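Enquirer: Sequence plus the predicted model coming up.
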Amino acid sequence: MRGKEFNKTLFVVLLGMISIYLFAVLDIQLKESAQKIEMEKYNIYRILEALILIFFGVLVEYKKVLLIFKNGFSINKYYLITAISLAILLILPYDTIMRLGIGHPGSIKGIISLSLTSINIRSVLSVLTGILIIRSLASSKSNKQIFKEEVD
């Protein structure tokens, strides 16, 4: 039984490493397109980076993913609404964010525009979105099952 768990963990770690590698490659492309002021490519790379990091967030919750496939899912609408809202904000094109305008740093508008233009904050929010997506689909029963397996 331990061998199966090791194989699952190894597979998830490999997928995580591939995700990080793809993110690094895309980040180089993103910076090159920003220097050349190629907005279409820049927006595509931003979206791809966000999607890869969302996938990485899903990998963080891989045990819940397996339980969702095994036991089914139940929707937590608050997590799901938050995850979908974050995903939409993360894939907004850069020029759309700039059209919204940059507000005062202390205002809500300023915080949102800063969050969406900072690549570091966007990365963290992307991983959080992936985690929230899985948590929005995992039942409380699967949470108890994961905790029970970790204690045993």
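Expert: Cool, the structure landed. Numbering: from 1, shown residues only.
Enquirer: starting at the chain centroid, how far to the longest helix that the chain contains?
Expert: In the chain, with assignment by DSSP state H, the single longest helix is helix 2-35. Relative to its chain's centre, helix 2-35 lies at 13 Å (CA atoms, centre = their mean, to the nearest Å).
Enquirer: what helices or strands is the helix or strand following it leaning on?
Expert: As assigned by DSSP states H and E, the chain's next helix or strand after helix 2-35 is helix 39-60. The contact analysis (3 or more CB pairs under 8 Å, 6 or more residues apart in numbering; DSSP states H and E) places helix 39-60 against helix 2-35, helix 77-90, helix 94-100, helix 119-137. Using the backbone N, CA and C atoms, a C-beta is placed for each residue, glycine as well.
Enquirer: Helix 39-60 and the second one, what's the angle between them?
Expert: Compare the direction of helix 77-90 with that of helix 39-60 by axes from the mean of the first three to the mean of the last three CA atoms, to 10 degrees and you get 150 degrees.
Enquirer: May I see the buried residues of helix 77-90?
Expert: 79, 82-83, 86-87, 89-90 (16 or more other CB atoms under 10 Å).
Enquirer: Which one, of the helices and strands packed on helix 39-60, ends up nearest to Gly57?
Expert: helix 119-137 (2.1 Å; CB to CB).
Enquirer: packing partners for that closest one?
Expert: In this structure, helix 119-137 makes packing contacts with helix 39-60, helix 62-71, helix 77-90, helix 108-117, judged by 3+ CB pairs under 8 Å, 6+ apart.
Enquirer: repeat that for 10 Å
Expert: helix 2-35, helix 39-60, helix 62-71, helix 77-90, helix 108-117 (3 or more CB pairs under 10 Å, 6 or more residues apart in numbering; DSSP states H and E).
Enquirer: picking that back up, return the most buried member of the helices and strands packed on helix 39-60.
Expert: helix 119-137 (a mean of 19; mean count of other CB atoms under 10 Å).
Enquirer: tell me the SS of Ile75?
Expert: coil (DSSP: H, G, I helix; E, B strand; the rest coil).
Enquirer: Grab the nearest non-local neighbour of Met39.
Expert: Asp95 (6.2 Å; CB to CB, 6 or more residues apart in numbering).
Enquirer: Mind checking the helices and strands packed on helix 119-137 for the one nearest to Leu132?
Expert: That would be helix 77-90 among those, by CB to CB, at 3.8 Å.
Enquirer: Send me that closest one as PDB with only the CA atoms.
Expert: Extracted C-alpha coordinates of helix 77-90, given in PDB (Å, rounded to 0.1, in the frame of the first residue of the first chain):
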ATOM      1  CA  LYS A  77     -20.800  27.900  -3.600                       C
ATOM      2  CA  TYR A  78     -18.800  30.500  -1.600                       C
ATOM      3  CA  TYR A  79     -15.400  29.000  -2.500                       C
ATOM      4  CA  LEU A  80     -16.500  28.400  -6.100                       C
ATOM      5  CA  ILE A  81     -17.700  32.000  -6.600                       C
ATOM      6  CA  THR A  82     -14.400  33.300  -5.100                       C
ATOM      7  CA  ALA A  83     -12.400  31.000  -7.300                       C
ATOM      8  CA  ILE A  84     -14.200  31.900 -10.500                       C
ATOM      9  CA  SER A  85     -14.000  35.600  -9.700                       C
ATOM     10  CA  LEU A  86     -10.300  35.300  -9.100                       C
ATOM     11  CA  ALA A  87      -9.800  33.300 -12.300                       C
ATOM     12  CA  ILE A  88     -11.600  35.900 -14.300                       C
ATOM     13  CA  LEU A  89      -9.600  38.700 -12.800                       C
ATOM     14  CA  LEU A  90      -6.300  36.800 -13.400                       C
END
